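J.: when you get a sec, could you give me coordinates for this:
(one chain, ligands or ions: 2)
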Amino acid sequence: NCLSAVSEIECVPFMCAQFRMEMKQCIVKLMVQPSRGLIDEKFIVLVQKVPPGFQLTVHALHKCEDGHSWEAFGHYTSNATGTVNVSEDPSLGGTYSGVEQMGLLWSLRPVPGRKPGLRLRKMNVQTPMEVTISVYQGHQTEGFMDQVPLASVVVERWYMAPGIRRILITEDGLTATLFLPPGPGPFPGLLDLWGGEGKLLEYCAALLASYGIASLGLDYLTPKITMETGKLMDKQYFETAYRLLEQHPQVLSSRIAMLGLSLGASMTLKMAVYSQVIKVRLDDVYVCTIYRNMGKRRTGKNNEMINRDLLLPIPTDPTLKVDVGRLKCPLLLVLGDDDQNWPAQESALDMKQIMEQAGNSHLLTVLSYPNAGHLIEPPYTPHFRASSFNSVQSTETVMTLWGGEMVAHSRAQEDAWRKMLDFLRENLFSGSNPGAAS
Ligand SMILES: *[C@@H]1O[C@H](CO)[C@@H](O)[C@H](O)[C@H]1NC(C)=O
Ligand SMILES: *[C@@H]1O[C@H](CO)[C@@H](O)[C@H](O)[C@H]1NC(C)=O
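T.: Ligands and ions are numbered 1, 2, ... in the order given. The predicted structure follows:
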């Protein structure tokens, strides 16, 4: 992956006049390395051959699949050798500040004038997220589209590494996509359940396949059968998906994990505890909820919907909860302590207590992040404190508050993802007794 993108553009004459430099000395060089990589990979942005002490803006522009434009930018001053290294030099202003190697991605936000509530999500993982990195003269905050940059390069960010096979699954009534790593295998497997908005979101499964795990992304809320007949999916549907992985010739049947995000997390827990079929080696859950609606919905100061109180107080009646005391596989819970959508913190604490009483708390790892919100996504995904949400249960779109603060949330995403990969590696790839946990 030693790819890099380089742009050398003759700088505009007035700039050279301003610095009384000769034209041939005045060529701005912009390099981004690697220019093609996975979404969770870091890149180096280097600006060279500008005058010493030169003020410039490094700008990132992304046009998403819905056609909306997103931007992020940082203000820099070149050093005595006329260089800015975004990995090492502080941004003095812009959409992020300080030394932030990946601020150009995690602080992406809709360009001014867009409707509120947008959220960035990759629907087609077969194409990369393309980001144009440019250098502009001066410390600017707006009007980038109307100007000619001093240099510009396009970088590609992929969820799917080269050689991954993407297989659409429609058999046995499933609406799913299987991502197989390159090579003959067999690989450890993973069942990926996304959140309460339905649809088949593939980016997590694609990215995990890039780390050597055969990953099945499953649509359990809006699969074809439900759309055609109105029938909701039951336990059997999840078990069918699990069996498909288990019986796949390229999957190690004793090494299967489940990953759930948001609503998917509660499904994951239920299956792991109660299913006779699903014998997961480990369970990996992003944000959890295990309770029926109890409390009240609140509204935030900008009229956003706050759902966390729906599930509070945590019920004491054990029949209202998944009995995590029966769990036999390792469980990693990842949560943000400013989750405004679900009482993730309170749920995790309750689960910990249940598991301590049952004597299986050695299986539990909780990663709780201060000032992080509900939507803990792969690294460098922009943070959305609130966004329009279209739940499967209702027809209206509502502005929903997820919580979290941009910098803390971005750090949490980076840390949680690395730790989740370590957890998966440790439990799926190593150890000499694959059947032990089931
Ligand atoms: C300017 O920054 C570049 C890249 O970080 C570094 O190699 C160079 O030594 C720096 N020059 C000075 C004078 O600090
Ligand atoms: C820019 O910073 C990165 C990260 O510290 C470093 O690896 C790279 O060598 C630097 N590039 C230059 C030209 O100084």
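
J.: which strand or helix spans Val45?
T.: strand 44-48 (DSSP states H and E).

J.: within the sheet, what are the partner strands of that strand, with directions?
T.: Here the strand partners of strand 44-48, with direction, are listed using DSSP bridges: strand 27-33 (antiparallel), strand 84-85 (antiparallel).

J.: columns distance to ligand 1 on top of the ones you listed, output as JSON lines?
T.: Bear in mind the C-beta positions are built from the backbone N, C-alpha and C, glycine included. JSON lines is the format used below for the strands paired with strand 44-48 (distance: least, Cβ to the nearest ligand atom, whole Å):
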{"stretch": "strand 27-33", "distance to ligand 1": "11"}
{"stretch": "strand 84-85", "distance to ligand 1": "4"}
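
J.: show me this structure divided up by domain.
T.: 5-158, 165-429 (automatic domain parsing).

J.: which of the strands paired with strand 44-48 sits closest to Val135?
T.: strand 27-33 (5.3 Å; Cβ to Cβ).

J.: so does the closest one get close to ligand 2?
T.: No: using Cβ under 6 Å from any ligand atom, strand 27-33 stays clear of ligand 2, coming no nearer than 8.5 Å.

J.: can you get me a residue count around the residue nearest to Tyr211 when sequence neighbours are not counted?
T.: Counting by Cβ to Cβ, 6 or more residues apart in numbering, Tyr211 lies nearest to Leu421, which is 6.1 Å off, once chain neighbours are set aside. Using other Cβ atoms under 10 Å, Leu421 has 15 other residues around it.

J.: and Leu421, how far from ligand 2?
T.: Distance of Leu421 to ligand 2, given as Cβ to the nearest ligand atom, to the nearest Å: 22 Å.

J.: ok so, going back, including mean pLDDT, mean neighbour count and distance to Ile167, could the strands paired with strand 44-48 go into TSV?
T.: As requested, the strands paired with strand 44-48 are arranged in TSV below (pLDDT from 0 to 100; neighbours: other Cβ atoms under 10 Å; distance: least, Cβ to Cβ, whole Å):
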stretch	mean pLDDT	mean neighbour count	distance to Ile167
strand 27-33	93	21	33
strand 84-85	98	20	42
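
J.: residues touching Met399, list them.
T.: Pro116, Gly117, Asn302, Asn303, Glu304, Met305, Ala386, Ser387, Ser388, Phe389 (Cβ atoms under 8 Å, 6 or more residues apart in numbering).

J.: report the buried members of those residues.
T.: Using 16 or more other Cβ atoms under 10 Å as the burial test, those include Gly117, Glu304, Met305, Ala386, Ser387, Phe389 as buried.

J.: go through stretch 159-176 and flag the buried ones.
T.: Tyr159, Met160, Ala161, Ile164, Arg166, Ile169, Leu174, Thr175, Ala176.

J.: nearest to ligand 1, of the residues you listed?
T.: Using Cβ to the nearest ligand atom, Ala161 comes nearest to ligand 1 of the buried residues of stretch 159-176, at 29.6 Å.

J.: per-residue confidence at the closest one?
T.: On the pLDDT scale, Ala161 is placed at 96.

J.: rewinding a little: so does the strand holding Val45 get close to ligand 2?
T.: Yes: using Cβ under 6 Å from any ligand atom, strand 44-48 reaches ligand 2 at Ile44, Leu46.

J.: can you list the strands that the next helix or strand after that strand pairs with?
T.: Next along the chain after strand 44-48, taking DSSP H and E as the criterion, comes strand 55-63. Note on strand 55-63: by DSSP bridges, its sheet partners are strand 69-77 (antiparallel), strand 129-137 (antiparallel).

J.: same list (these) but as CSV, adding mean neighbour count and distance to ligand 1.
T.: Putting the strands paired with strand 55-63 into CSV (neighbours: other Cβ atoms under 10 Å; distance: least, Cβ to the nearest ligand atom, whole Å) gives the following:
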stretch, mean neighbour count, distance to ligand 1
strand 69-77, 22, 11
strand 129-137, 21, 15
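
J.: those strands into CSV, with extra columns for distance to Met145 and mean pLDDT?
T.: Compiled in CSV, the strands paired with strand 55-63 are given as follows (distance: least, Cβ to Cβ, whole Å; pLDDT from 0 to 100):
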stretch, distance to Met145, mean pLDDT
strand 69-77, 8, 97
strand 129-137, 11, 97
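
J.: which of those sits closest to Val86?
T.: Distance to Val86, taken as Cβ to Cβ, is lowest for strand 69-77 among the strands paired with strand 55-63, at 7.1 Å.
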